[in-house]
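[1] With the sequence up front, the predicted model follows.
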Amino acid sequence: MFAPEDFADRIASLRPSQPEVRKSDRRRYRTIWISDVHLGTRGCNADLLIDFLDSVDSDTLFLVGDIIDGWRLKKSWYWPAKHNDIVWRLLKRAKRGTRVIYIPGNHDEVFRQFTGLSFGGVEIRSKAIHETADGRRLLVLHGDEFDAVVLYARWLAFLGDAAYEMLMKLNTVVNKVRARFGMPYWSLSKHAKHKVKNAVEFISRFEEAVAKAAGDRQLDGVVCGHIHTAEERQFGDVVYYNDGDWVEGCTALVEHFNGTMEILHWADEMNARVLPMQQANAA
């Protein structure tokens, strides 16, 4: 069984296998949001997230839920060295002075019992209000409270999680084959989701519900995760942001120092950097 105490003991006994790369040209942002990393599963794109964390810095970092997949770890312990490298980097960031705020989601809901506490410099909150550099107030939350399946049919949520895991295993196989042929990362699950009409309709309803909740609180916008779909949309006076995930899309939401918001698609950025080097070596 997965418990926070067991997890802490296991992590404490491990050391990072990949030391942090301190790049002189690290990009700096005022705020970074990431979510849905799903550490503890084979679907987590640890290589891309490690590259991202070694390439950027910020004053504030929001971990917007499902960072650790407690559902999966309850069934079997899967924790490769690269997953420990990610936790180590996040804790080191907090130690260096970055404000790190962790808002647990439904897959790491076991950590919600520690809401209001801080561990290793990481603040655990159920939700937060973030004020941007240009004065906008944004509600930050994972978003599973707006998912009717998770709220009212938990058994169906677990069934969907099992089906999703199968799709992610297939996604891993597909990308291993693509890598052998020198082809860049491509998300099969993301492609399938955008092709399924019901999934598209669910995403739209979810976005509307989350934006309405922010509007009801007289806020200017909302940042969430949960549905693994990075997006920026305007609903009346409320702006909706979803920072995506590190399983399918490998995306992050960032705030520049003037308050401008941007979604970073890290797989595309990494491919643009790596592919020319591969082509040059092959020439």
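    Done, it's in.

[2] what ranges do the strands span in the stretch 151-283 of the chain?
    221-224, 231-235, 238-242, 251-255, 261-265 (DSSP state E, counting those that start in this stretch).

[3] For the residue minimising distance to the centre of the chain, what are phi and psi?
    Closest to where the C-alpha atoms of the chain average out (Cα atoms, centre = their mean) is Ser35, at 2.2 Å. Backbone dihedrals for Ser35, given as degrees, to the nearest 10, come out at phi -160, psi 170.

[4] residue contacts, the residue lying closest to Asp36 once chain neighbours are set aside?
    For Asp36, ignoring the flanking residues on the chain, the nearest one in space by Cβ to Cβ, 6 or more residues apart in numbering is Asp245 at 3.5 Å. Yep, even glycine has a C-beta here, placed from its N, CA and C like the rest. Asp245 makes contact with Ser35, Asp36, Val37, His38, Asp66, Gly225, His228, Ala230, Thr251, according to Cβ atoms under 8 Å, 6 or more residues apart in numbering.

[5] Kindly recompute the last result at 7 Å.
    Residues touching Asp245, when contacts are defined by Cβ atoms under 7 Å, 6 or more residues apart in numbering, comprise Ser35, Asp36, Gly225, His228, Thr251.

[6] how about those residues in TSV, adding pLDDT and distance to Thr60?
    Rendered in TSV, the data for those read as follows (pLDDT from 0 to 100; distance: Cβ to Cβ, whole Å):
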residue	pLDDT	distance to Thr60
Ser35	98	15
Asp36	96	19
Gly225	96	16
His228	88	23
Thr251	97	18
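
[7] Drop anything exposed from those.
    If you count burial by 16 or more other Cβ atoms under 10 Å, the buried members of the contacts of Asp245 come out as Ser35, Asp36, Gly225, His228, Thr251.

[8] Could you report the neighbour count for Cys44?
    As a burial measure, Cys44 scores 26 neighbours (other Cβ atoms under 10 Å).

[9] Ala211 now?
    Residues near Ala211, counting by other Cβ under 10 Å: 25.
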